[in-house]
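J.: coords please:
(one chain, ligands or ions: 2)
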Amino acid sequence: MEFDTIAAISTPMGEGAIAIVRLSGDDSIKIADQIFRGIGGKRLTEVSTHTIHYGHLIDPRTEQVIEEVMVSIMKGPKTFTKEDVVEINCHGGIVSVNRVLQHVLAYGARLAEPGEFTKRAFLNGRIDLSQAEAVMDLIRAKTDRAMNVALGQMEGRLSKLIRGLRQEILEILAHVEVNIDYPEYDDVEEMTHNMLLEKAIYVRDELKKLLQTSQQGKILREGLSTVIVGRPNVGKSSLLNSLVQENKAIVTDIPGTTRDVIEEYVNVRGVPLRLLDTAGIRETEDIVERIGVEKSRQVLKEADLILLVLNYGDQFTKEDENLFEAVKGMDVIVIVNKTDLTQKIDMERVKELAREHKIVTTSLLEDRGVDELEEAISSLFFEGSIEAGDMTYLSNSRHIALIGQSLHTIEEAINGVEIGTPIDIVQIDITRTWELLGEVIGDSVHESLIDQLFSQFCLGK
Ligand code: GDP
Ligand code: ZN
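T.: Ligands and ions are numbered 1, 2, ... in the order given. As a prediction, the model looks like this:
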(Lines give C-alpha, C1' and ligand atoms only; values in the text may rest on other atoms or scores of the structure.)
(Ligands and ions follow the chains in the order given, each with its own letter.)
Protein backbone atom coordinates (compact mmCIF):
# COMPACT_ATOMS: atom_id res chain seq x y z
CA MET A 1 0.00 0.00 0.00
CA GLU A 2 1.12 3.56 -0.60
CA PHE A 3 0.51 6.43 1.75
CA ASP A 4 1.80 9.96 2.13
CA THR A 5 4.23 10.84 4.89
CA ILE A 6 2.71 11.67 8.25
CA ALA A 7 4.18 13.29 11.33
CA ALA A 8 3.14 13.93 14.93
CA ILE A 9 4.54 14.54 18.36
CA SER A 10 4.95 11.14 19.89
CA THR A 11 6.03 11.49 23.47
CA PRO A 12 7.05 8.11 24.79
CA MET A 13 5.41 6.31 27.69
CA GLY A 14 6.75 7.48 31.00
CA GLU A 15 7.59 10.90 29.61
CA GLY A 16 11.05 12.29 30.15
CA ALA A 17 12.97 15.39 29.26
CA ILE A 18 13.07 14.29 25.65
CA ALA A 19 10.22 14.65 23.19
CA ILE A 20 9.95 12.85 19.91
CA VAL A 21 8.52 13.94 16.60
CA ARG A 22 7.83 10.86 14.54
CA LEU A 23 7.50 10.62 10.78
CA SER A 24 6.29 7.66 8.78
CA GLY A 25 6.04 7.18 5.03
CA ASP A 26 8.11 6.97 1.85
CA ASP A 27 9.40 10.53 2.07
CA SER A 28 10.17 10.64 5.75
CA ILE A 29 13.94 10.23 5.35
CA LYS A 30 14.05 12.70 2.47
CA ILE A 31 12.10 15.29 4.47
CA ALA A 32 14.34 14.88 7.51
CA ASP A 33 17.45 15.09 5.37
CA GLN A 34 16.45 18.50 3.98
CA ILE A 35 16.30 20.08 7.41
CA PHE A 36 19.08 18.22 9.23
CA ARG A 37 22.78 18.99 9.34
CA GLY A 38 24.70 16.14 10.89
CA ILE A 39 28.14 16.42 12.42
CA GLY A 40 30.67 15.87 9.64
CA GLY A 41 28.17 16.60 6.90
CA LYS A 42 26.70 13.12 6.78
CA ARG A 43 23.43 12.87 4.78
CA LEU A 44 20.48 10.99 6.29
CA THR A 45 19.68 9.56 2.85
CA GLU A 46 23.00 7.70 2.91
CA VAL A 47 23.06 6.26 6.42
CA SER A 48 22.19 2.66 7.21
CA THR A 49 18.93 1.66 8.74
CA HIS A 50 18.32 1.63 12.51
CA THR A 51 21.00 4.17 13.29
CA ILE A 52 20.94 7.36 15.38
CA HIS A 53 22.53 10.65 14.33
CA TYR A 54 23.41 13.72 16.29
CA GLY A 55 23.19 17.14 14.71
CA HIS A 56 21.10 20.25 14.24
CA LEU A 57 17.76 20.98 12.76
CA ILE A 58 18.21 23.93 10.45
CA ASP A 59 16.24 26.21 8.20
CA PRO A 60 17.67 25.20 4.79
CA ARG A 61 17.05 28.66 3.28
CA THR A 62 19.15 30.48 5.85
CA GLU A 63 21.16 27.59 7.35
CA GLN A 64 20.05 28.97 10.70
CA VAL A 65 20.06 26.41 13.54
CA ILE A 66 16.62 25.75 15.01
CA GLU A 67 17.25 22.95 17.45
CA GLU A 68 19.80 20.45 18.67
CA VAL A 69 18.49 16.97 17.86
CA MET A 70 19.15 13.25 17.66
CA VAL A 71 17.59 11.61 14.63
CA SER A 72 16.79 7.90 14.39
CA ILE A 73 16.51 6.44 10.92
CA MET A 74 14.54 3.23 10.57
CA LYS A 75 13.82 1.89 7.11
CA GLY A 76 10.81 -0.26 6.45
CA PRO A 77 9.66 -2.95 6.72
CA LYS A 78 11.30 -3.54 10.09
CA THR A 79 9.44 -0.66 11.74
CA PHE A 80 6.22 -0.27 13.65
CA THR A 81 4.32 0.90 10.55
CA LYS A 82 6.38 -1.19 8.10
CA GLU A 83 7.17 2.14 6.41
CA ASP A 84 10.31 4.27 6.60
CA VAL A 85 10.22 5.88 10.04
CA VAL A 86 12.23 8.83 11.32
CA GLU A 87 12.19 9.91 14.94
CA ILE A 88 13.52 13.33 15.82
CA ASN A 89 14.44 13.51 19.51
CA CYS A 90 14.55 17.02 20.84
CA HIS A 91 14.41 18.81 24.16
CA GLY A 92 11.11 18.21 25.80
CA GLY A 93 9.66 21.67 26.06
CA ILE A 94 6.33 22.09 24.35
CA VAL A 95 7.60 25.09 22.40
CA SER A 96 10.67 23.40 20.98
CA VAL A 97 8.91 20.18 20.09
CA ASN A 98 6.15 22.10 18.37
CA ARG A 99 8.71 24.07 16.42
CA VAL A 100 10.28 20.84 15.18
CA LEU A 101 6.87 19.52 14.19
CA GLN A 102 5.94 22.71 12.34
CA HIS A 103 9.23 22.55 10.49
CA VAL A 104 8.70 18.96 9.42
CA LEU A 105 5.20 19.84 8.23
CA ALA A 106 6.57 22.80 6.26
CA TYR A 107 8.91 20.46 4.39
CA GLY A 108 6.38 17.99 3.14
CA ALA A 109 4.92 15.86 5.92
CA ARG A 110 1.24 15.90 6.81
CA LEU A 111 0.00 16.11 10.39
CA ALA A 112 -1.08 12.60 11.44
CA GLU A 113 -4.62 12.00 12.57
CA PRO A 114 -5.08 10.45 16.02
CA GLY A 115 -4.08 6.79 15.82
CA GLU A 116 -2.87 7.04 12.26
CA PHE A 117 0.53 5.44 12.93
CA THR A 118 -1.18 2.45 14.46
CA LYS A 119 -3.73 2.42 11.67
CA ARG A 120 -0.91 2.19 9.15
CA ALA A 121 0.68 -0.63 11.09
CA PHE A 122 -2.66 -2.39 10.78
CA LEU A 123 -3.27 -1.56 7.11
CA ASN A 124 0.28 -2.55 6.21
CA GLY A 125 -0.29 -5.90 7.87
CA ARG A 126 2.16 -5.31 10.67
CA ILE A 127 -0.40 -5.89 13.44
CA ASP A 128 -3.93 -7.19 13.57
CA LEU A 129 -6.90 -5.34 14.97
CA SER A 130 -6.78 -6.77 18.46
CA GLN A 131 -3.13 -5.78 18.65
CA ALA A 132 -4.00 -2.29 17.46
CA GLU A 133 -6.60 -2.04 20.17
CA ALA A 134 -4.05 -3.27 22.66
CA VAL A 135 -1.90 -0.31 21.72
CA MET A 136 -4.83 1.89 22.58
CA ASP A 137 -5.28 0.13 25.92
CA LEU A 138 -1.57 0.52 26.55
CA ILE A 139 -1.90 4.24 26.20
CA ARG A 140 -4.69 4.24 28.70
CA ALA A 141 -3.20 1.63 31.00
CA LYS A 142 -3.23 2.89 34.56
CA THR A 143 -1.16 0.33 36.38
CA ASP A 144 1.81 -1.87 35.67
CA ARG A 145 -0.32 -4.95 35.69
CA ALA A 146 -2.82 -3.42 33.33
CA MET A 147 0.14 -2.59 31.15
CA ASN A 148 1.30 -6.21 31.15
CA VAL A 149 -2.11 -7.31 29.99
CA ALA A 150 -2.05 -4.77 27.21
CA LEU A 151 1.46 -5.81 26.24
CA GLY A 152 0.59 -9.47 26.28
CA GLN A 153 -2.28 -8.75 23.97
CA MET A 154 -0.06 -6.70 21.75
CA GLU A 155 2.21 -9.67 21.36
CA GLY A 156 -0.80 -11.31 19.86
CA ARG A 157 -1.79 -13.64 22.66
CA LEU A 158 -5.48 -13.08 22.12
CA SER A 159 -5.04 -13.21 18.36
CA LYS A 160 -3.24 -16.50 18.61
CA LEU A 161 -5.94 -18.00 20.76
CA ILE A 162 -8.68 -16.79 18.44
CA ARG A 163 -6.81 -18.05 15.37
CA GLY A 164 -6.53 -21.47 16.98
CA LEU A 165 -10.26 -21.56 17.65
CA ARG A 166 -11.07 -20.43 14.14
CA GLN A 167 -8.86 -23.24 12.83
CA GLU A 168 -10.89 -25.74 14.83
CA ILE A 169 -14.07 -24.27 13.41
CA LEU A 170 -12.71 -24.45 9.88
CA GLU A 171 -12.09 -28.15 10.38
CA ILE A 172 -15.66 -28.60 11.52
CA LEU A 173 -16.90 -26.72 8.49
CA ALA A 174 -14.74 -28.81 6.16
CA HIS A 175 -16.23 -32.00 7.55
CA VAL A 176 -19.72 -30.59 7.35
CA GLU A 177 -19.11 -29.86 3.66
CA VAL A 178 -18.11 -33.47 3.07
CA ASN A 179 -21.21 -34.56 4.86
CA ILE A 180 -23.46 -32.35 2.80
CA ASP A 181 -21.74 -33.39 -0.45
CA TYR A 182 -21.85 -37.12 0.31
CA PRO A 183 -24.99 -37.66 2.36
CA GLU A 184 -25.23 -41.33 1.29
CA TYR A 185 -22.29 -42.38 3.48
CA ASP A 186 -23.66 -43.09 6.93
CA ASP A 187 -20.27 -43.40 8.55
CA VAL A 188 -19.31 -39.97 7.28
CA GLU A 189 -22.37 -38.56 8.96
CA GLU A 190 -21.68 -40.29 12.24
CA MET A 191 -18.06 -39.21 12.19
CA THR A 192 -19.11 -35.66 11.46
CA HIS A 193 -21.50 -35.61 14.38
CA ASN A 194 -18.96 -36.92 16.84
CA MET A 195 -16.17 -34.74 15.58
CA LEU A 196 -18.41 -31.73 15.37
CA LEU A 197 -19.66 -32.10 18.90
CA GLU A 198 -16.21 -32.68 20.29
CA LYS A 199 -14.67 -29.68 18.55
CA ALA A 200 -17.64 -27.39 19.12
CA ILE A 201 -17.61 -28.19 22.83
CA TYR A 202 -13.91 -27.47 22.93
CA VAL A 203 -14.46 -24.10 21.23
CA ARG A 204 -17.35 -23.30 23.57
CA ASP A 205 -15.30 -24.09 26.68
CA GLU A 206 -12.40 -21.96 25.52
CA LEU A 207 -14.72 -19.03 24.79
CA LYS A 208 -16.30 -19.41 28.22
CA LYS A 209 -12.92 -19.32 29.88
CA LEU A 210 -12.01 -16.23 27.96
CA LEU A 211 -15.21 -14.48 28.96
CA GLN A 212 -14.64 -15.31 32.60
CA THR A 213 -11.47 -13.27 32.51
CA SER A 214 -13.26 -10.27 31.06
CA GLN A 215 -14.47 -8.98 34.39
CA GLN A 216 -10.90 -8.98 35.65
CA GLY A 217 -9.84 -7.24 32.49
CA LYS A 218 -12.33 -4.46 33.05
CA ILE A 219 -11.17 -4.08 36.62
CA LEU A 220 -7.56 -3.87 35.54
CA ARG A 221 -8.38 -0.90 33.40
CA GLU A 222 -10.94 0.85 35.51
CA GLY A 223 -9.91 -0.14 39.00
CA LEU A 224 -11.65 -2.31 41.55
CA SER A 225 -14.41 -0.13 42.87
CA THR A 226 -13.88 -0.24 46.62
CA VAL A 227 -16.06 1.25 49.32
CA ILE A 228 -14.97 1.67 52.91
CA VAL A 229 -17.88 1.35 55.32
CA GLY A 230 -18.13 1.47 59.07
CA ARG A 231 -19.61 3.39 61.95
CA PRO A 232 -18.31 6.91 62.59
CA ASN A 233 -14.89 7.01 64.24
CA VAL A 234 -13.85 3.40 63.57
CA GLY A 235 -10.95 4.55 61.38
CA LYS A 236 -12.27 4.74 57.80
CA SER A 237 -10.42 7.90 56.90
CA SER A 238 -7.28 6.60 58.59
CA LEU A 239 -7.53 3.44 56.50
CA LEU A 240 -7.93 5.38 53.32
CA ASN A 241 -4.98 7.57 54.15
CA SER A 242 -2.71 4.68 54.93
CA LEU A 243 -3.64 2.88 51.71
CA VAL A 244 -2.98 6.03 49.73
CA GLN A 245 0.28 6.77 51.53
CA GLU A 246 1.75 3.30 51.32
CA ASN A 247 0.84 2.76 47.75
CA LYS A 248 1.59 4.66 44.66
CA ALA A 249 -1.43 6.77 43.95
CA ILE A 250 -2.45 6.22 40.39
CA VAL A 251 -2.54 9.32 38.30
CA THR A 252 -5.60 9.40 36.15
CA ASP A 253 -7.28 11.71 33.76
CA ILE A 254 -10.65 10.83 35.22
CA PRO A 255 -11.83 13.75 37.34
CA GLY A 256 -11.23 12.71 40.92
CA THR A 257 -14.16 14.40 42.47
CA THR A 258 -17.78 13.58 42.09
CA ARG A 259 -20.46 15.49 43.88
CA ASP A 260 -21.02 13.00 46.66
CA VAL A 261 -17.84 11.04 47.07
CA ILE A 262 -14.19 11.54 46.30
CA GLU A 263 -12.36 8.89 44.36
CA GLU A 264 -8.76 7.92 44.95
CA TYR A 265 -6.87 5.50 42.73
CA VAL A 266 -4.23 3.37 44.39
CA ASN A 267 -2.25 0.41 43.21
CA VAL A 268 -2.23 -2.30 45.88
CA ARG A 269 0.19 -5.04 44.85
CA GLY A 270 -0.82 -4.74 41.26
CA VAL A 271 -4.52 -4.46 42.00
CA PRO A 272 -5.83 -1.04 41.03
CA LEU A 273 -8.34 0.15 43.58
CA ARG A 274 -10.75 2.94 42.97
CA LEU A 275 -11.38 3.89 46.56
CA LEU A 276 -14.60 5.67 47.24
CA ASP A 277 -13.53 8.14 49.79
CA THR A 278 -15.72 9.81 52.32
CA ALA A 279 -12.89 12.05 53.44
CA GLY A 280 -14.60 15.11 52.10
CA ILE A 281 -17.47 14.51 54.42
CA ARG A 282 -17.43 15.95 57.90
CA GLU A 283 -16.27 13.42 60.44
CA THR A 284 -19.59 13.19 62.26
CA GLU A 285 -21.43 12.36 59.08
CA ASP A 286 -20.89 9.07 57.44
CA ILE A 287 -21.55 8.19 53.86
CA VAL A 288 -25.02 6.89 54.65
CA GLU A 289 -26.08 10.07 56.38
CA ARG A 290 -24.55 12.28 53.81
CA ILE A 291 -25.88 10.82 50.61
CA GLY A 292 -28.93 9.07 51.96
CA VAL A 293 -29.79 5.46 52.51
CA GLU A 294 -31.02 4.79 48.97
CA LYS A 295 -28.04 6.27 47.26
CA SER A 296 -25.50 4.67 49.57
CA ARG A 297 -27.14 1.32 48.94
CA GLN A 298 -26.64 2.02 45.25
CA VAL A 299 -22.97 2.87 45.79
CA LEU A 300 -22.57 -0.32 47.78
CA LYS A 301 -24.30 -2.40 45.14
CA GLU A 302 -21.99 -1.15 42.43
CA ALA A 303 -18.87 -1.79 44.48
CA ASP A 304 -16.54 -4.65 43.58
CA LEU A 305 -15.05 -4.76 47.05
CA ILE A 306 -16.22 -3.66 50.49
CA LEU A 307 -13.86 -2.88 53.31
CA LEU A 308 -16.01 -3.15 56.44
CA VAL A 309 -14.31 -1.53 59.41
CA LEU A 310 -15.10 -2.35 63.05
CA ASN A 311 -13.71 -1.01 66.32
CA TYR A 312 -11.79 -3.53 68.47
CA GLY A 313 -12.00 -1.21 71.47
CA ASP A 314 -15.75 -0.84 71.38
CA GLN A 315 -18.84 -3.00 71.74
CA PHE A 316 -20.19 -4.71 68.65
CA THR A 317 -23.42 -2.81 67.95
CA LYS A 318 -26.67 -3.19 66.11
CA GLU A 319 -25.32 -0.69 63.60
CA ASP A 320 -22.37 -2.97 62.87
CA GLU A 321 -24.76 -5.83 62.38
CA ASN A 322 -26.82 -3.78 59.93
CA LEU A 323 -23.69 -3.15 57.90
CA PHE A 324 -23.05 -6.87 57.60
CA GLU A 325 -26.61 -7.22 56.42
CA ALA A 326 -26.19 -4.47 53.83
CA VAL A 327 -23.14 -6.05 52.22
CA LYS A 328 -24.43 -9.61 52.13
CA GLY A 329 -23.33 -11.55 49.07
CA MET A 330 -20.57 -9.13 48.16
CA ASP A 331 -16.81 -9.40 48.26
CA VAL A 332 -16.03 -8.16 51.76
CA ILE A 333 -12.92 -7.88 53.86
CA VAL A 334 -13.68 -7.30 57.54
CA ILE A 335 -11.20 -5.03 59.27
CA VAL A 336 -11.12 -4.97 63.04
CA ASN A 337 -9.23 -1.78 63.80
CA LYS A 338 -7.76 -0.24 66.95
CA THR A 339 -6.22 -3.43 68.30
CA ASP A 340 -4.00 -1.22 70.42
CA LEU A 341 -7.02 -0.56 72.64
CA THR A 342 -8.40 -2.95 75.23
CA GLN A 343 -10.73 -5.43 73.60
CA LYS A 344 -14.40 -4.78 73.98
CA ILE A 345 -15.65 -6.27 70.72
CA ASP A 346 -17.13 -9.76 70.70
CA MET A 347 -14.87 -11.51 68.17
CA GLU A 348 -16.98 -14.67 68.20
CA ARG A 349 -19.90 -12.62 66.99
CA VAL A 350 -17.75 -10.99 64.32
CA LYS A 351 -16.53 -14.36 63.06
CA GLU A 352 -20.06 -15.66 63.01
CA LEU A 353 -21.30 -12.76 60.87
CA ALA A 354 -18.19 -12.61 58.70
CA ARG A 355 -18.63 -16.25 57.69
CA GLU A 356 -16.39 -16.89 54.67
CA HIS A 357 -15.12 -13.32 54.55
CA LYS A 358 -11.55 -12.68 55.49
CA ILE A 359 -10.99 -10.88 58.82
CA VAL A 360 -7.92 -8.70 59.22
CA THR A 361 -6.95 -6.98 62.47
CA THR A 362 -5.21 -3.65 62.32
CA SER A 363 -3.97 -0.83 64.41
CA LEU A 364 -3.80 2.03 62.00
CA LEU A 365 -2.53 4.23 64.79
CA GLU A 366 0.50 1.99 65.25
CA ASP A 367 0.66 1.15 61.58
CA ARG A 368 0.07 -2.55 62.12
CA GLY A 369 -1.88 -4.99 59.95
CA VAL A 370 -1.87 -2.99 56.73
CA ASP A 371 0.41 -5.53 55.03
CA GLU A 372 -2.02 -8.32 55.88
CA LEU A 373 -4.86 -6.24 54.52
CA GLU A 374 -3.03 -5.64 51.26
CA GLU A 375 -2.28 -9.34 51.03
CA ALA A 376 -5.96 -10.09 51.55
CA ILE A 377 -6.97 -7.63 48.82
CA SER A 378 -4.56 -9.02 46.28
CA SER A 379 -5.33 -12.67 46.98
CA LEU A 380 -9.04 -11.95 46.79
CA PHE A 381 -8.59 -10.48 43.37
CA PHE A 382 -5.99 -12.84 41.99
CA GLU A 383 -7.83 -15.87 43.29
CA GLY A 384 -5.85 -19.03 42.69
CA SER A 385 -2.90 -16.67 42.37
CA ILE A 386 -3.44 -15.83 38.75
CA GLU A 387 -0.60 -13.84 37.34
CA ALA A 388 -1.50 -11.36 34.67
CA GLY A 389 1.37 -12.55 32.51
CA ASP A 390 0.14 -16.13 32.46
CA MET A 391 -3.16 -15.72 30.77
CA THR A 392 -5.12 -13.80 28.30
CA TYR A 393 -7.36 -11.25 29.88
CA LEU A 394 -10.15 -9.97 27.78
CA SER A 395 -10.22 -6.29 28.50
CA ASN A 396 -11.77 -4.65 25.49
CA SER A 397 -15.52 -4.17 25.48
CA ARG A 398 -15.84 -4.76 21.75
CA HIS A 399 -14.00 -8.07 22.10
CA ILE A 400 -16.14 -9.03 25.06
CA ALA A 401 -19.32 -8.39 23.08
CA LEU A 402 -18.11 -10.33 20.04
CA ILE A 403 -16.92 -13.28 22.09
CA GLY A 404 -20.20 -13.28 23.99
CA GLN A 405 -22.05 -13.50 20.68
CA SER A 406 -19.81 -16.23 19.33
CA LEU A 407 -20.30 -18.22 22.51
CA HIS A 408 -24.03 -17.95 21.89
CA THR A 409 -23.84 -19.12 18.26
CA ILE A 410 -21.59 -22.08 19.07
CA GLU A 411 -23.99 -23.09 21.83
CA GLU A 412 -26.83 -22.95 19.32
CA ALA A 413 -24.81 -25.21 17.04
CA ILE A 414 -24.12 -27.72 19.82
CA ASN A 415 -27.76 -27.69 20.79
CA GLY A 416 -28.70 -28.22 17.14
CA VAL A 417 -26.49 -31.29 16.82
CA GLU A 418 -27.84 -32.75 20.04
CA ILE A 419 -31.47 -32.46 18.99
CA GLY A 420 -30.75 -33.68 15.46
CA THR A 421 -31.19 -30.46 13.50
CA PRO A 422 -30.20 -30.93 9.83
CA ILE A 423 -26.50 -30.39 9.41
CA ASP A 424 -26.82 -27.58 6.87
CA ILE A 425 -28.79 -25.56 9.44
CA VAL A 426 -26.18 -26.21 12.12
CA GLN A 427 -23.59 -25.10 9.60
CA ILE A 428 -25.07 -21.59 9.62
CA ASP A 429 -24.39 -21.14 13.33
CA ILE A 430 -20.90 -22.52 13.01
CA THR A 431 -20.09 -20.22 10.12
CA ARG A 432 -21.43 -17.29 12.11
CA THR A 433 -19.18 -18.18 15.04
CA TRP A 434 -16.23 -18.22 12.68
CA GLU A 435 -17.16 -14.80 11.32
CA LEU A 436 -17.69 -13.25 14.75
CA LEU A 437 -14.30 -14.44 15.93
CA GLY A 438 -12.83 -13.06 12.75
CA GLU A 439 -14.13 -9.66 13.70
CA VAL A 440 -12.14 -9.76 16.93
CA ILE A 441 -8.90 -9.99 15.00
CA GLY A 442 -10.05 -7.74 12.19
CA ASP A 443 -10.41 -10.27 9.43
CA SER A 444 -13.85 -9.17 8.39
CA VAL A 445 -14.26 -5.57 9.42
CA HIS A 446 -15.20 -2.87 7.05
CA GLU A 447 -13.56 0.52 6.65
CA SER A 448 -15.90 2.59 8.84
CA LEU A 449 -15.37 0.40 11.89
CA ILE A 450 -11.64 0.67 11.38
CA ASP A 451 -11.80 4.45 11.11
CA GLN A 452 -13.94 4.65 14.20
CA LEU A 453 -11.55 2.54 16.20
CA PHE A 454 -8.41 4.34 15.19
CA SER A 455 -9.84 7.78 15.75
CA GLN A 456 -9.93 6.99 19.47
CA PHE A 457 -6.16 6.83 19.69
CA CYS A 458 -4.00 9.56 21.05
CA LEU A 459 -2.23 11.70 18.53
CA GLY A 460 1.19 10.40 17.61
CA LYS A 461 0.56 6.71 18.18
P1 GDP B 1 -13.75 7.48 60.61
O2 GDP B 1 -14.73 8.38 61.27
O3 GDP B 1 -14.25 6.09 60.54
O4 GDP B 1 -13.29 7.99 59.28
O5 GDP B 1 -12.48 7.41 61.59
P6 GDP B 1 -11.11 8.22 61.50
O7 GDP B 1 -10.18 7.58 60.57
O8 GDP B 1 -11.40 9.66 61.30
O9 GDP B 1 -10.57 7.92 62.97
C10 GDP B 1 -11.28 8.35 64.13
C11 GDP B 1 -10.29 8.48 65.27
O12 GDP B 1 -9.73 7.21 65.59
C13 GDP B 1 -9.13 9.37 64.96
O14 GDP B 1 -8.82 10.14 66.08
C15 GDP B 1 -8.00 8.41 64.65
O16 GDP B 1 -6.74 8.93 64.93
C17 GDP B 1 -8.32 7.28 65.57
N18 GDP B 1 -7.79 5.98 65.12
C19 GDP B 1 -7.74 5.48 63.85
N20 GDP B 1 -7.19 4.27 63.85
C21 GDP B 1 -6.85 3.99 65.14
C22 GDP B 1 -6.24 2.87 65.79
O23 GDP B 1 -5.85 1.86 65.19
N24 GDP B 1 -6.09 2.95 67.15
C25 GDP B 1 -6.49 4.02 67.85
N26 GDP B 1 -6.29 4.01 69.15
N27 GDP B 1 -7.06 5.09 67.27
C28 GDP B 1 -7.24 5.08 65.94
ZN1 ZN C 1 -13.65 9.73 58.44
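
J.: and this structure, what are its domains?
T.: 6-128, 144-213+394-442, 222-389 (automatic domain parsing).

J.: among those domains, which comes closest to ligand 2?
T.: Comparison of these against ligand 2 by CB to the ion identifies domain 222-389 as nearest, at 3.2 Å. Using the backbone N, CA and C atoms, a C-beta is placed for each residue, glycine as well.

J.: out of the domains of the chain, which is closest to A134?
T.: Each of those has some distance to A134 by CB to CB; the shortest is domain 144-213+394-442, at 3.8 Å.

J.: model confidence over that closest one, on average?
T.: Per-residue pLDDT over domain 144-213+394-442 has a mean of 81.

J.: also stretch 345-359?
T.: Average pLDDT, stretch 345-359: 93.

J.: re the thing from before, make JSON lines from the domains of the chain and add distance to A134 to it.
T.: Shown next, in JSON lines, are these (distance: least, CB to CB, whole Å):
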{"stretch": "domain 6-128", "distance to A134": "8"}
{"stretch": "domain 144-213+394-442", "distance to A134": "4"}
{"stretch": "domain 222-389", "distance to A134": "13"}
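
J.: adding mean neighbour count, write the ones you listed out as CSV.
T.: CSV is the format used below for the domains of the chain (neighbours: other CB atoms under 10 Å):
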stretch, mean neighbour count
domain 6-128, 18
domain 144-213+394-442, 18
domain 222-389, 17
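
J.: which one of those domains lies nearest to V135?
T.: domain 6-128 (5.1 Å).

J.: and that closest one, end to end?
T.: End-to-end distance for domain 6-128, by CA to CA, to the nearest Å: 21 Å.

J.: one more: stretch 225-237?
T.: End-to-end span of stretch 225-237 (CA to CA): 17 Å.

J.: given the helix or strand hosting L308, what are its sheet partners and their directions?
T.: Element membership of L308, judged by DSSP states H and E, is strand 305-311. Its sheet considered, strand 305-311 pairs with strand 224-230 (parallel), strand 332-337 (parallel) by DSSP bridges.

J.: I'd like to know which of those lies nearest to S159.
T.: Smallest distance to S159 across the strands paired with strand 305-311 (CB to CB): 27.3 Å, for strand 224-230.

J.: tell me what the next helix or strand after the closest one is packed against?
T.: From strand 224-230 onward toward the C-terminus, using DSSP H and E, the following helix or strand is helix 236-246. When contacts are defined as 3 or more CB pairs under 8 Å, 6 or more residues apart in numbering; DSSP states H and E, helix 236-246 sits against strand 224-230, strand 262-268, strand 271-277, strand 305-311, strand 332-337, helix 370-381.

J.: and the shortest one, is it in reach of ligand 1?
T.: Yes: contact of strand 332-337 with ligand 1 is found when judged by CB under 6 Å from any ligand atom, involving N337.

J.: great, nothing more from me.
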